[in-house]
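Colleague: can't give you the sequence, but here's the structure:
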């Protein structure tokens, strides 16, 4: 059983430079190297396939290799996209890095009693450890009709859908024909049990049976090409569904890699599961989604489902958001006490565990909220399962000022939850790895998206360019330009400063600036 289009992405620190850039001391900055990020050269055996405009396909596109240098250690994805987006993706130097395969191999694929093939752990896998890392076989627009502007004129909705599926089958066939023999055999062996007519369109059936949503942004001039992208995993396609999953997947657009990470301890011999459907879906909604993929889930959350459990799932996000707001109120005066917040968090914890939702990063916030409210208790520890890859909260005292600091993970699957913390924010500290030039484009996009939120209007921003001790690290003046701050951000006080978290250099100076910015606000 595989995840399809209904699946949503789930539910990571030399010296201090004397050169710094702030909004109050404007400085015209230019890239000291004077050159744009390098674009990876194409190889002779990896030419793009041009998709030309026809009576049906009204948008030109390409099928390209990502990355363009296939080898025995670098898996290649066949991607259907537009040329501008391809060039944007190929600016990432991280694409050609060797895939970080866990050693020893932690999985085996074998037959199950009632789920077809599944992926099983061959060793104990601790929470937060990667089980498998791979590059998708195929990446293509989520909505073929929208991407290629397939005409609707003269066709009813069913007829238009049929035309779109026929074109998708052709595109997948072209992508398959570009694969090496090993990838082609793997692609054709994948499960095709979807309701999309596997006899007539076997490749579309594989797509619908296996596709996962990927967080890929098109180039600015090619926005909304197909309303996003989906990918067909390799071995990840063998990971079956459970509403009480023990793993999540995360796609990194900079490396074009999908990692599958344990969300609880997995014993050797246990099957690895992903949740294909939103955590808040009721039993009826999950069953409806399963129907498209022709399977029925028999996990404890399904077999023990009640009206009460359905109601809890449907309202779970609201419960968490309400608790976030309560915990942000100081535990004095009319605000809730830390013990009250903790009591709610513990009650919520029990409900989440019964539903198998305690591993979702959104739902693991509750106990940390109690900790952030100032209550110290050994029972709070359960909520720090996501500490390494999700959320942290700590009260920090600096120069007689207490900061309640919410440390939010940077994984793409975590970023959607940032907005839970926007209300009542006094300042933003944005930490980037200044030695990783390939990720600066992503850092810029995420930062500007966050700063556009109304709740963060005018909030002071401190950017730490971390790892200044690493040779070749970008300097603050270069980073301020690449992040779009220099000469462009005038709605808030901001500062970009070099730092080294290992030695602590640069941190105190940055906090001094932040304290002054908050007090002057």
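Modeller: On my side now, so go ahead. Remember, predicted model here, so these are calculated numbers, not experimental data.
Colleague: for the residue nearest to residue 111 when sequence neighbours are not counted, what are its contacts?
Modeller: Leaving aside its chain neighbours, residue 111 sits nearest to residue 117 (5.8 Å; criterion: C-beta to C-beta, 6 or more residues apart in numbering). Just so you know, the C-beta spots here come from the backbone N, C-alpha and C atoms, and that holds for glycine as well. For residue 117, the contact set (C-beta atoms under 8 Å, 6 or more residues apart in numbering) comprises 109, 110, 111, 191, 238.
Colleague: Most neighbours among those, please name it.
Modeller: Among these, the one with the most neighbours (other C-beta atoms under 10 Å) is residue 238, at 24 neighbours.
Colleague: Now do it, the pLDDT please.
Modeller: What the model reports as pLDDT for residue 238 is 93.
Colleague: quick one: it from residue 504, how far?
Modeller: Distance of residue 238 to residue 504, computed by C-beta to C-beta, to the nearest Å: 46 Å.
Colleague: Helices of the stretch 201-350 of the chain, residue ranges please.
Modeller: 202-210, 283-293, 300-303, 307-327, 338-355 (DSSP state H, counting those that start in this stretch).
Colleague: for the third one, what is the average pLDDT?
Modeller: It refers to helix 300-303. 86.
Colleague: Can you give me the domain boundaries for this structure?
Modeller: 1-35+422-521, 43-274, 276-383 (automatic domain parsing).
Colleague: Of all these, which one is nearest residue 400?
Modeller: Comparison of the domains of the chain against residue 400 by C-beta to C-beta identifies domain 1-35+422-521 as nearest, at 9.8 Å.
Colleague: sorry, back to before: how about the contacts of residue 117 in TSV, adding secondary structure?
Modeller: TSV is the format used below for those (DSSP: H, G, I helix; E, B strand; the rest coil):
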residue	secondary structure
109	strand
110	strand
111	strand
191	coil
238	helix
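Colleague: Closest one to residue 148 out of those, please.
Modeller: Closest to residue 148, out of all of those and judged by C-beta to C-beta, is residue 191, at 26.6 Å.
Colleague: Apart from its neighbours in sequence, what residue is nearest the closest one?
Modeller: Counting by C-beta to C-beta, 6+ apart, the residue nearest residue 191 is residue 209, at 4.9 Å.
Colleague: The one you found against residue 190, yeah?
Modeller: Yes: at 7.1 Å, residue 209 counts as touching residue 190 under the criterion of C-beta atoms under 8 Å.
Colleague: Show me what counts as buried in stretch 108-122.
Modeller: Neighbour-count burial for stretch 108-122, counted by 16 or more other C-beta atoms under 10 Å, picks out 115, 117, 118, 119, 120, 121.
Colleague: What is the end-to-end distance of it?
Modeller: One end of stretch 108-122 sits 6 Å from the other (C-alpha to C-alpha, to the nearest Å).
Colleague: thinking again about what came up before, rebuild the helices of the stretch 201-350 of the chain as CSV, extending it with mean neighbour count and distance to residue 63.
Modeller: Below are the helices of the stretch 201-350 of the chain laid out as CSV (neighbours: other C-beta atoms under 10 Å; distance: least, C-beta to C-beta, whole Å):
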stretch, mean neighbour count, distance to residue 63
helix 202-210, 24, 14
helix 283-293, 17, 26
helix 300-303, 15, 39
helix 307-327, 16, 38
helix 338-355, 18, 42
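Colleague: closest to residue 455 out of the ones you listed?
Modeller: Comparing the helices of the stretch 201-350 of the chain by C-beta to C-beta, helix 307-327 comes nearest, at 12.0 Å.
Colleague: still on that earlier bit, quick one: the contacts of residue 117 as a markdown table, columns for distance to residue 275 too.
Modeller: Compiled in a markdown table, the contacts of residue 117 are given as follows (distance: C-beta to C-beta, whole Å):
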| residue | distance to residue 275 |
| --- | --- |
| 109 | 20 |
| 110 | 22 |
| 111 | 22 |
| 191 | 18 |
| 238 | 16 |
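Colleague: Just flag the most distant two among the residues you listed.
Modeller: Checking the contacts of residue 117 with C-beta to C-beta, the most distant pair is 110 and 191, at 14.4 Å.
Colleague: if we can go back for a sec, and the helices of the stretch 201-350 of the chain: which comes nearest residue 133?
Modeller: That would be helix 202-210 among those, by C-beta to C-beta, at 17.4 Å.
Colleague: tell me the angle the closest one makes with helix 283-293.
Modeller: Relative orientation of helix 202-210 and helix 283-293, computed by axes from the mean of the first three to the mean of the last three C-alpha atoms, to 10 degrees: 160 degrees.
Colleague: How are the strands of the stretch 401-521 of the chain distributed by residue range?
Modeller: 401-408, 428-433, 461-466, 494-498 (DSSP state E, counting those that start in this stretch).
Colleague: Run me through the strand neighbours of the longest one, direction for each.
Modeller: Meaning strand 401-408. Sheet pairing of strand 401-408 (DSSP bridges) gives strand 391-398 (antiparallel).
Colleague: Tell me the pLDDT of the residue of the chain most remote from its centre.
Modeller: Relative to the centre of the chain, and counting by C-alpha atoms, centre = their mean, the farthest-placed residue is residue 154 at 39.5 Å. On pLDDT, residue 154 comes in at 91.
Colleague: Report the rounded mean pLDDT for stretch 138-146.
Modeller: According to the model, stretch 138-146 has a mean pLDDT of 94.
Colleague: buried stuff in it?
Modeller: For stretch 138-146, by 16+ other C-beta under 10 Å, it's 138, 139, 140, 141, 142, 143, 144, 145, 146.
Colleague: Just the closest of those to residue 93, please.
Modeller: residue 139 (19.4 Å).
Colleague: phi, psi of the closest one?
Modeller: The phi and psi values for residue 139, taken as degrees, to the nearest 10, are phi -130, psi 130.
Colleague: Quickly note the distance from it to residue 207.
Modeller: With C-beta to C-beta as the criterion, residue 139 and residue 207 are 11 Å apart.
Colleague: which residues are in contact with both of these two?
Modeller: The contact lists of residue 139 and residue 207 share 230, 232, where a contact means C-beta under 8 Å, 6+ apart.
Colleague: mind checking how far stretch 475-489 is from the chain centre?
Modeller: 25 Å (C-alpha atoms, centre = their mean, to the nearest Å).
Colleague: who's in contact with residue 167?
Modeller: Here residue 167 is in contact with 56, 57, 144, 148, 150 (criterion: C-beta under 8 Å, 6+ apart).
Colleague: ok so it is a helix residue?
Modeller: Yes: applying three-state DSSP, one finds residue 167 inside a helix.
Colleague: So it versus residue 173, what's the distance?
Modeller: For residue 167, the distance to residue 173 - C-beta to C-beta - is 11 Å.
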